[in-house]
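Novice: just the structure for this:
(chains A and B)
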Amino acid sequence: MRLNNKTLARKLGYGFSVDEVISEDENFIGHAKAQLESLPEFHPWKFIARADPYTALLSKINLSDLPDEFQNDLDKEKKKGIQQYLKAKGFYNLSIDGDLGRGSRKAISDWQVSINAPQTGQVDRTQYRRILLYQQTHGSTEELNFPDEINELSYWNLTRSDLRYPVDVGLSVKHRLELDEERERLRALYANGEIPDSEFQRLWWERYNTFPWWRDTLTRAIDNVHGESPILNRFWHFWINFFTVNVEACEGELFGNYYLTIRNHMTGNFEELLYDAVWHPAMQEFLQNNQSIGPNSKAARWRKEEGRSASINENLARELLELFTVTPAAEYTQDDVNNVAYILTGYGQIWDKNEVNRKYFSYNFAEPGHHKVMGKTYKQTASKKLLALCKDLARDPQTGLHIAKKLAQHFIADAPPLEAIELISQAYNRSGGSLIKVHQAVIDAVAKFSREGDKFLQPEIWLFQVHKAIGGKLPLKFVGDTDNQDGPQLNSILFELGHLNCRSPQPNGWSDMAIDWLTPEMMDRRLRYIGQIANRQLLASEFDPKKYADKLFGAGSDSAQFVAAAPTYQNACIRLFCHPKFMRT
Amino acid sequence: MMANPSMAFPKAKITDKRLLIVLLRGGMDGLASIPPIGDKYLSKIRKDILVKGVRNLDGFFGINPALRFLGSEYHKGRAGFVHATSFPYTGRSHFDGQNIMETGNEQPYATNTGWIGRAMNAGGYSSLSVSLPIPIILRGNEINSNFFPSKFQKLSSQDYSDISQLWHNDGQLNGLLEPIMERDIPPGRGDTRELVSFAASEMHKTNGPRVGLLEFEGFDTHALQGNEDGHHAANLSELDGVLQSFKNSMGALYDNTVVVTVTEFGRTAAENGTSGTDHGYASAIFLAGGLVNGKQVISDWPGLSERDLYEGRDVRMTIDARDVYAEVVKTVFDLTDEDITRYVFHGYQQKNPLGIMRG
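Specialist: Presented below is the predicted three-dimensional model:
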């Protein structure tokens, strides 16, 4: 039976909202495939103003403490922020000097015209709030000098963090190294007796807890629920999970750029994605390849002189074969694993300031010589071997099969039909690993081989589908009607639901198998979560579970009637969102 | 697929033996918890963090005064220790080390199941993990359940029974809510003593879990570790109090119970520049309960002089932790040596009989 468009929207994306009209006449498959052909600019924060709780938080910025003529009393850094804002908006092209002179006043006036405000040439309180919002949603700390007031928006100290995914890997590495330097600085201060014990402990942990994984959680949520490319996102997140990194094993500072790097390959080829994921400092640090030293490398010699040993760490090498490409079905040997590890030596050297390039490869750590993997000898210069290896591994038919199976398990069923796997792996092999073709084949396979209710939703996808359904309001910070109802932030919610993206327990990522999620405790948390959000007066005035049940299950159906018969509003929401048909697609 | 709970616990295989696993994440310092007071090098390589007021155990080993309960249980013959023990893992990575201590494999990430999970499977037992989510060490057994206090409020019984009705005809969801409806779960984060009392009360039930699991974090004491006071001692003291609560909650069943600790590695023998210790190799295992052949510290002490230390810095492993855990699971789950080799620690055969368990 042909799947209807509502089901496809839930299988391939994050579903639909209560007010959204999903026409069955529309060519959903065609549109979905088209969405995968280009890569829109990644700019999730432009949706944030539409997320109400956020606006509510914004209104908590307390500007009343500032004097009336506060623009003149702002310090230079904040004035620079205003100039940068005007520049970004195209009203100002003079220097960012923090001096609001004639040019700046003219720019402010012009800007005020554009927002239908009186032309005063002076930024008033409301307008300054608008600038704060813009800085929050678009800016980076380095460029925009966040004012301290921005911290009112969050439990987190936002002034310390860039809220976007950093485009520049160099900047991410710099932040990551700065964290280490900060720890060293603390160590030194403590050793010199300049910080008391009590303070040291606090500061030390604070430095260890600067991982901005919460940023990723917010960004994912906002982009999935409000963004315009939910299907592209599902594929992107599939690959993030395929190339999992875990925040407990490596610095979260590296994540944003890593995720963005993966995204940039969604319209490219698997072999390039593989190469860029493997050399990336996030993956290097996560699977500790950065500690792997070629036993005959220069670094090993230096260590030997110091009486220290040096050896390879085969973690990443093993996963490169087992999880990312050919799988044990290819029957590689321990020698193959060792030789992949030799080829991988030298990467991840973000410390070696003397000899690095943008792939953070250093000859000093690389094992010299030729290395043979699965029958092929790699004779290139050390920095060229990995790319050659990745290309060969990507072209192995076992790799295509493995990827097809993983995609089919994620989108179709825990035990997908062989025809579906075949359709996807053929697309992989015929196109030379073109991810557009592979993803489009997944869509075809879903349309052809997937049945309604085959796939049990992982907690994160389920959560986003719930929030999409209720119209997109996200608990960035969970603000209740009373203090007692105030709840944890989104990342705590996902942690409670057992599926906080950045904390996948093993390098093979989050499971696609229902059996791994179906425990009493985990299911209870889903029920309780719905109970908690449904308990808010605000939701009751904006979301009608009966209306949604009619839409999803069909008016008059048993399931819709079951929701309609609920004794309370809260119970109706639970009956809807914890309905087996909602929890599966 | 999750089986119906009443089918999940084959009665024929159930004995009265209970096991509480305590994961000490971060790398517990064996030299601070069970100090080898007879080793003259100890006070040479440790200054700020040297534990004072150590209670004597057997003349050579003592016990940190923060472990008051375990110390007194030791002298009553209901607690024992194994020292200079570890899984054979020298990589000093938390991530790999914890994976190895949980999967029981020699290589990290080689499997998705845990050694306790496989042991339970071999014996036909169920477990309750007082953690979220179920840690790897218990995986590999289909009749696991987990518990952790939630920040979200519990629903009304009406809500639960509605959903249970809704899920009744669903092959995957049927039976999942009943255990929740039967439990009285305290709201909030809950302190560890409450958690352990909860675990004990579940382990008392006729068809309840035979294995409980608790996790402690915070043993990664790179800086300001402290001695008989301070960070590490506070962790030990919390653990000690929790074990005492567990004993009290178990009542008479405690005689048929064993509590055993698992940590990913020990710490460097010498103190570092920030009055702490870094990742090392061997550590100590604590065992308590009526099933333990107590009042002994089993150890083939490797010594703390620089040439005796592994790579000049870590306590060397002289007893493979798998020997200890093999004895524990053989006793609790009535397994044979062959079961150990086939299911629990793949391909591993116990090297030394330690005699840490009774009978």
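Novice: spatially central residue in chain A, please.
Specialist: Most central in chain A under C-alpha atoms, centre = their mean is residue A:216, positioned 4.5 Å from the mean C-alpha point.
Novice: surely it is in a helix?
Specialist: Yes. The assignment for residue A:216 is a helix, going by DSSP: H, G, I helix; E, B strand; the rest coil.
Novice: separation between the residue of the stretch 401-550 of chain A found nearest chain B and residue B:165?
Specialist: Here the residue of the stretch 401-550 of chain A nearest chain B is residue A:528; by C-beta to the nearest C-beta that distance is 3.5 Å. Any C-beta I mention is one placed from the backbone N, CA and C, and that applies to glycine too. Counting by C-beta to C-beta, to the nearest Å, the separation of residue A:528 from residue B:165 is 18 Å.
Novice: who's more crowded, those two?
Specialist: Set residue A:528 next to residue B:165 and count neighbours by other C-beta atoms under 10 Å in any protein chain shown: residue A:528 wins out with 22 against 12.
Novice: helix or strand: which one has the more buried one?
Specialist: Per DSSP states H and E: residue A:528 is located in helix A:520-534.
Novice: show me what that helix is packed up against.
Specialist: Secondary-structure packing of helix A:520-534 (3 or more C-beta pairs under 8 Å, 6 or more residues apart in numbering or on different chains; DSSP states H and E): helix A:459-469, helix A:490-496, helix A:569-577, strand B:144-146, helix B:157-167, helix B:178-182.
Novice: ok, which of those comes nearest residue A:98?
Specialist: Among these, the nearest to residue A:98 by C-beta to C-beta is helix A:490-496 (35.3 Å).
Novice: pLDDT (mean, whole number) over that closest one?
Specialist: Averaged over helix A:490-496, pLDDT sits at 84.
Novice: report all helices and strands that that helix contacts.
Specialist: So helix A:490-496, by 3+ C-beta pairs under 8 Å, 6+ apart, packs with helix A:213-226, helix A:459-469, helix A:520-534.
Novice: picking that back up, could you measure from the residue nearest to the centre of chain A over to chain B?
Specialist: 19 Å (C-beta to the nearest C-beta, to the nearest Å).
Novice: what about residue B:231, distance to residue B:275?
Specialist: Residue B:231 is 10 Å from residue B:275, by C-beta to C-beta.
Novice: excluding its backbone neighbours, what's nearest the residue in the stretch 1-150 of chain B that chain A sits nearest to?
Specialist: Residue of the stretch 1-150 of chain B nearest chain A, by C-beta to the nearest C-beta: residue B:95 (4.1 Å). In this structure, residue B:95 finds its nearest non-sequential neighbour in residue A:249, 4.1 Å apart by C-beta to C-beta, 6 or more residues apart in numbering or on different chains.
Novice: residue contacts, the one you found?
Specialist: A:285-286, A:288, B:93-95 (C-beta atoms under 8 Å, 6 or more residues apart in numbering or on different chains).
Novice: what helix or strand is it on?
Specialist: Judged by DSSP H and E, residue A:249 forms part of no helix or strand.
Novice: do a quick rundown of the strands in the stretch 51-200 of chain B.
Specialist: B:55-56, B:62-63, B:79-86, B:127-129, B:144-146 (DSSP state E, counting those that start in this stretch).
Novice: turn those into JSON lines, including distance to residue A:456 and mean neighbour count.
Specialist: Listed next are the strands of the stretch 51-200 of chain B as JSON lines, based on distance: least, C-beta to C-beta, whole Å; neighbours: other C-beta atoms under 10 Å in any protein chain shown:
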{"stretch": "strand B:55-56", "distance to residue A:456": "53", "mean neighbour count": "14"}
{"stretch": "strand B:62-63", "distance to residue A:456": "49", "mean neighbour count": "24"}
{"stretch": "strand B:79-86", "distance to residue A:456": "39", "mean neighbour count": "26"}
{"stretch": "strand B:127-129", "distance to residue A:456": "21", "mean neighbour count": "25"}
{"stretch": "strand B:144-146", "distance to residue A:456": "18", "mean neighbour count": "23"}
